[in-house]
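K.L.:
Sharing a model that was predicted from the sequence below.
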Amino acid sequence: MQAQMGQPTFLERFFKIREKQSSVKTEILAGFTTFIALSYIMFVNPNILADAGIPKEAAIASTIWIAALSTMVMGVFANYPVALAPGMGLNAFFAYYVCGVLHLHWTVALGAVFFSGVLFLLLTVSHIRQAIINAVPQNLRVAIGVGIGLFIAFIGLKGTGLIVSDPATFITLGHVTNPTTALSMFGLVCTGALMARNVQGAILIGIVLTTLLSMAMGYSPVPHSFADVISSSLPHMSETFGKLDIVGAWNYGIVSIIFTFTVVELFDNMGTLIGLTSKAKMVKPNGEIENIDRALTTDAVGTICSSVFGTSTVTTYIESAAGIAAGGKTGLTAVTVAVLFLISLFFAPLIGLVPGFATAPPLILVGALMMSEVGKINFQDFTDALPAFLTIIMMPLTSSIANGFAFGFISFAFIKTLGGKWREVSPIMWLVSIAFLINLFMRS
């Protein structure tokens, strides 16, 4: 309290801490809280990128570096108490559809991420993004998030071994007695119980406990030396830094892929920012959000940089709500998160020991959290219900977020029109729907 009574420090002046009725101590503690809630991404994202063919050590380095730098810029430039990191859902689309289903090399996929970042930046500075967001009906916006959640959960279930391929039924229940599957189920139940009790860092704790149990049972390597835990040198991104194939992405003509990256980033980031800024009381009485253009610009530039570093698209993380709930109101919270990410670089060898089946349960849990929005969809009106349903169901069943978009948008335009509600379909929606329809025919 005495510090509040004296002359404001540099940090208080720069981040307008007193103006926000906060303190340096509160902001730093809030940063620790956000980091604990978000740190699971350091374990999960590299494993997903490794499935795309990206070297895991480089994936760990690129994940941490882009999270640290983009979060730092968000704190310093936009003065937002929110953190950024490679987005869940977008990383799955990158690894399992672009690189998996389409069999594109990860360097070409990074080229697509670069183009989506440039496009998102242009949409941000030109204010076109608002027109696009306003053109998409609320039901489809919600369905997009729910569908991505279901897709992420599907990937997580496959990662645990709970579901496997079957020639007769396409998928079926896996062998639950398989040791690694049993360990994943332990992680799922343990983490779910911690989340039910509102334990901060529940996902991280679940990953650590599952990994330790796996090591004790001999299914994961055990660190034998100090160098296996803490590195004396920082992990490097030499295998991924600047390796994006912009020419390859351009020549391939992956318009639908770039479009999907951009649209998902638009709605996911805008929705998250609206929720977080509202929670942090950063929304003015007229509905205007403080420094929103700076926040969106930071996110767009972060996406461009993520392609250069060698990781999938960065986005604002909803886990930032944990720090905001702890009192974080300024960019100092984000700066604290960024510093902690940088410190974690020295623990890269330990991160590399975490097995994939330990990071699969968080995907299921994140999917469950994203499914919670399904109640906001208007299922009473079939012209709303069918497009929303197709958006949701086609994402996991075709292993493609893009296909979910396509079937949702196309069905919305045609069902609304044929159902006598054509006035609800904007010209932008028709243009997007026709573009998706042409793309489907070209891919068939």
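P.N.:
All right, it came through fine. Residues are numbered from 1 along each chain as shown.
K.L.:
For Gly192, give me the pLDDT.
P.N.:
pLDDT recorded at Gly192 is 92.
K.L.:
So it sits against Leu365, correct?
P.N.:
Yes. With contact defined as CB atoms under 8 Å, Gly192 reaches Leu365; the gap is 6.4 Å. Glycine gets a C-beta too; all of them are placed from N, C-alpha and C.
K.L.:
which of those two has more neighbours?
P.N.:
Between Gly192 and Leu365, Leu365 has the larger neighbour count (other CB atoms under 10 Å), namely 21 against 16.
K.L.:
Now name the helix or strand holding the more buried one.
P.N.:
Leu365 is part of helix 356-371 when elements are defined by DSSP states H and E.
K.L.:
List the buried residues in that helix.
P.N.:
356-368, 370-371 (16 or more other CB atoms under 10 Å).
K.L.:
same thing with stretch 185-196?
P.N.:
Met185, Phe186, Gly187, Leu188, Cys190, Thr191, Gly192, Leu194, Met195.
K.L.:
Also stretch 21-39?
P.N.:
Quick answer for stretch 21-39 (16+ other CB under 10 Å): 22-24, 26-39.
K.L.:
cool, stretch 244-255 as well?
P.N.:
So stretch 244-255, judged by 16+ other CB under 10 Å, has buried residues Leu244, Asp245, Ile246, Gly248, Ala249, Ile254.
K.L.:
Against Lys329, how distant is Val82?
P.N.:
Separation of Val82 from Lys329 (CB to CB, to the nearest Å) stands at 11 Å.
K.L.:
Which one's more surrounded, the two?
P.N.:
Taking other CB under 10 Å, Val82 and Lys329 do not tie; Val82 has more neighbours (31 against 25).
K.L.:
helix/strand/coil for the more buried one?
P.N.:
Of the three states, Val82 takes coil under DSSP: H, G, I helix; E, B strand; the rest coil.
K.L.:
What residues does it make contact with?
P.N.:
Contacts for Val82 (CB atoms under 8 Å, 6 or more residues apart in numbering) come out as Thr71, Met74, Leu273, Leu276, Ala295, Thr316, Tyr317, Ser320, Ile324, Thr333, Ala334.
K.L.:
Tell me the pLDDT of the residue nearest to it when sequence neighbours are not counted.
P.N.:
Using CB to CB, 6 or more residues apart in numbering and skipping residues adjacent in sequence, the residue nearest Val82 is Ser320, 4.0 Å away. In this model, Ser320 is scored at 83, pLDDT.
K.L.:
and Ser320, how many neighbours?
P.N.:
For Ser320, the neighbour count with other CB under 10 Å is 32.
K.L.:
Could you do Ala227 as well?
P.N.:
Here the number of neighbours of Ala227 (other CB under 10 Å) works out to 10.
K.L.:
Distance of it relative to Thr417?
P.N.:
Distance of Ala227 to Thr417, given as CB to CB: 64 Å.
K.L.:
residues near Ser116, how many?
P.N.:
Ser116 - counted by other CB under 10 Å - has 28 other residues nearby.
K.L.:
Hmm, I typed the wrong one, I wanted Val101.
P.N.:
By other CB under 10 Å, neighbour count at Val101 equals 14.
K.L.:
For it, give me its contacts.
P.N.:
Contacts of Val101 by CB under 8 Å, 6+ apart are Ser399, Ser400.
K.L.:
okay, stretch 347-357 in PDB with CA atoms only?
P.N.:
The C-alpha coordinates for stretch 347-357 follow below in PDB (Å, rounded to 0.1, in the frame of the first residue of the first chain):
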ATOM      1  CA  PHE A 347      14.100 -27.200 -19.400                       C
ATOM      2  CA  ALA A 348      13.700 -28.300 -23.100                       C
ATOM      3  CA  PRO A 349      15.300 -31.700 -22.500                       C
ATOM      4  CA  LEU A 350      12.700 -32.500 -19.800                       C
ATOM      5  CA  ILE A 351       9.900 -31.400 -22.100                       C
ATOM      6  CA  GLY A 352      11.200 -33.700 -24.800                       C
ATOM      7  CA  LEU A 353      10.800 -36.700 -22.400                       C
ATOM      8  CA  VAL A 354       7.000 -36.300 -22.200                       C
ATOM      9  CA  PRO A 355       5.300 -39.100 -24.300                       C
ATOM     10  CA  GLY A 356       2.500 -38.500 -26.700                       C
ATOM     11  CA  PHE A 357       0.000 -40.600 -24.800                       C
END
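K.L.:
Can you tell me what sits against that stretch?
P.N.:
The contact list for stretch 347-357, computed with CB under 8 Å, 6+ apart, reads 42-43, 46-47, 56-57, 60-61, 64, 159-161, 180-181, 183-184, 187, 207, 210-211, 214-215, 219-221, 223, 227-231, 234-235, 344.
K.L.:
Could you pull up the contacting residues of Ser386?
P.N.:
Check again: residue 386 is Leu, not Ser. By CB under 8 Å, 6+ apart, the contact set of Leu386 is Ser411, Ile415.
K.L.:
is it true that it lies in a helix?
P.N.:
Yes. Counting by three-state DSSP, Leu386 is part of a helix.
K.L.:
From here on, call the first residue 46.
P.N.:
Okay, using 46 as the starting number, the last item reads as Leu431.
K.L.:
How much space separates it from Ile111?
P.N.:
Applying CB to CB, the value for Leu431 to Ile111 is 39 Å.
K.L.:
Could you list the low-pLDDT ranges of the stretch 96-245 of the chain?
P.N.:
174-179 (pLDDT under 70).
K.L.:
circling back to that earlier point, want to try JSON lines for the buried residues of stretch 230-241, with distance to Leu166 as columns?
P.N.:
Shown next, in JSON lines, are the buried residues of stretch 230-241 (distance: CB to CB, whole Å):
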{"residue": "Met230", "distance to Leu166": "43"}
{"residue": "Phe231", "distance to Leu166": "43"}
{"residue": "Gly232", "distance to Leu166": "38"}
{"residue": "Leu233", "distance to Leu166": "38"}
{"residue": "Cys235", "distance to Leu166": "41"}
{"residue": "Thr236", "distance to Leu166": "36"}
{"residue": "Gly237", "distance to Leu166": "38"}
{"residue": "Leu239", "distance to Leu166": "38"}
{"residue": "Met240", "distance to Leu166": "35"}
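K.L.:
In CSV: the contacts of Val127, plus secondary structure and distance to Val163.
P.N.:
Below are those laid out as CSV (DSSP: H, G, I helix; E, B strand; the rest coil; distance: CB to CB, whole Å):
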residue, secondary structure, distance to Val163
Thr116, helix, 21
Met119, helix, 19
Leu318, helix, 20
Leu321, helix, 25
Ala340, helix, 18
Thr361, strand, 19
Tyr362, coil, 22
Ser365, helix, 25
Ile369, helix, 30
Thr378, helix, 29
Ala379, helix, 24
